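S.K.: here are the coordinates; sequence isn't available:
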C-alpha cells in the first residue's frame with residue numbers, strides 16, 4: 001500500500017489529460033446510474049411479482065454497485081483491495097440470484113429440469129475449455145444439484161478469498177505488484193480465477 005499514492009497525492013498530481021479522463025469516467029458512471037434508475041422504474045411499473053422484481057433488481061444492481069466501488073477505487077487507490085472485496089461479495093450474490101431468477105422464469109426447479117431434460121450441456125467451458133474430451137451432460141436433478149453446488153461454492157469462496165486478501169494487505173504481507181510463489185497473491189489469484 002506504500003507504493004500507491006494517497007487520494008490527496010493523486011489529486012495534486014493530476015494533469016489536464018488526467019482530469020479529462022476522470023470527467024469521462026464519471027460521465028459514464030452517471031450514465032450507468034441513469035440506466036439502472038430507468039430499469040428500476042420500468043420493473044416497478046411492469047412486473048407484478050415482487051420476488052421476480054426483487055431478484056431482477058438484485059442482478060441488475062451489479063452494474064451500479066460495481067461502478068460506485070470502482071469509482072471510489074479510482075479516487076482512493078489504496079482502497080483497491082477493499083473495493084475488490086465489496087465487488088466480489090455483490091457479484092457472488094448476483095450470480096446466485098441470477099441462477100434462481102433463471103429457474104423462476106422457467107417455472108421452478110421441477111419444470112426447469114423437465115424443459116431442459118433434452119439439452120446436452122457441454123462441460124468444456126472456461127477454465128476447462130481445452131478439455132474437449134469432457135462429456136456432455138443431460139440436465140437432470142443430479143446435474144441441477146451439481147450446478148447449484150458450484151454456484152454456492154463460488155458464492156462462498158470468492159468473498160472469503162477476497163477477505164483473506166484484504167487482511168493480508170492490511171498486515172502488509174500482500175504486495176499487488178509482486179506476483180511470485182512466495183507471495184500469497186499468487187495462490188489467491190489462482191483460486192479466484194478457477195471458479
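M.R.: Cool, got the structure. Because the structure is predicted, anything quoted here is derived from the model rather than measured.

S.K.: Pick out the residue closest to the middle of this structure.
M.R.: The centroid of the chain falls nearest to residue 91 when counting by CA atoms, centre = their mean (3.0 Å).

S.K.: any idea which helix or strand comes after the strand or helix carrying that one?
M.R.: With secondary structure defined by DSSP states H and E, residue 91 is part of helix 80-105. The helix or strand immediately downstream of helix 80-105 is helix 109-116, counting by DSSP H and E.

S.K.: next structured bit after that following helix?
M.R.: Downstream of helix 109-116 (by DSSP H and E), the next one is strand 120-122.

S.K.: for the helix holding residue 91, which positions count as buried?
M.R.: Using 16 or more other CB atoms under 10 Å as the burial criterion, the residues of helix 80-105 that qualify are 80-101, 103-104. The way it works is simple: take the backbone N, C-alpha and C, and place the C-beta from them, glycine included.

S.K.: What separation is there between residue 140 and residue 27?
M.R.: Per CB to CB, to the nearest Å, residue 140 is found 48 Å from residue 27.

S.K.: Neighbour count: the two, which is higher?
M.R.: Counted by other CB atoms under 10 Å, residue 140 and residue 27 do not tie: residue 140 has more neighbours, with 13 against 10.

S.K.: who's in contact with the closest residue to the residue nearest to the centre of the chain other than its chain neighbours?
M.R.: Among residues not flanking residue 91 along the chain, residue 62 sits closest, at 6.4 Å (CB to CB, 6 or more residues apart in numbering). Shown in contact with residue 62 (CB atoms under 8 Å, 6 or more residues apart in numbering): 90, 91, 94.

S.K.: Tell me the one of the residues you listed nearest residue 144?
M.R.: residue 94 (19.9 Å; CB to CB).

S.K.: tell me the phi and psi of the nearest residue to that closest one once chain neighbours are set aside?
M.R.: Sequence neighbours aside, residue 62 is the residue nearest to residue 94 in space, at 4.4 Å (criterion: CB to CB, 6+ apart). Taking degrees, to the nearest 10, you get phi -60, psi -40 for the backbone angles of residue 62.

S.K.: how near is residue 62 to residue 25?
M.R.: Relative to residue 25, residue 62 is positioned 18 Å away (criterion: CB to CB).

S.K.: tell me what the helix or strand harbouring residue 40 is packed against?
M.R.: Assigned by DSSP H and E, residue 40 belongs to helix 16-46. Counting contacts by 3 or more CB pairs under 8 Å, 6 or more residues apart in numbering; DSSP states H and E, helix 16-46 packs against helix 50-60, helix 62-75.
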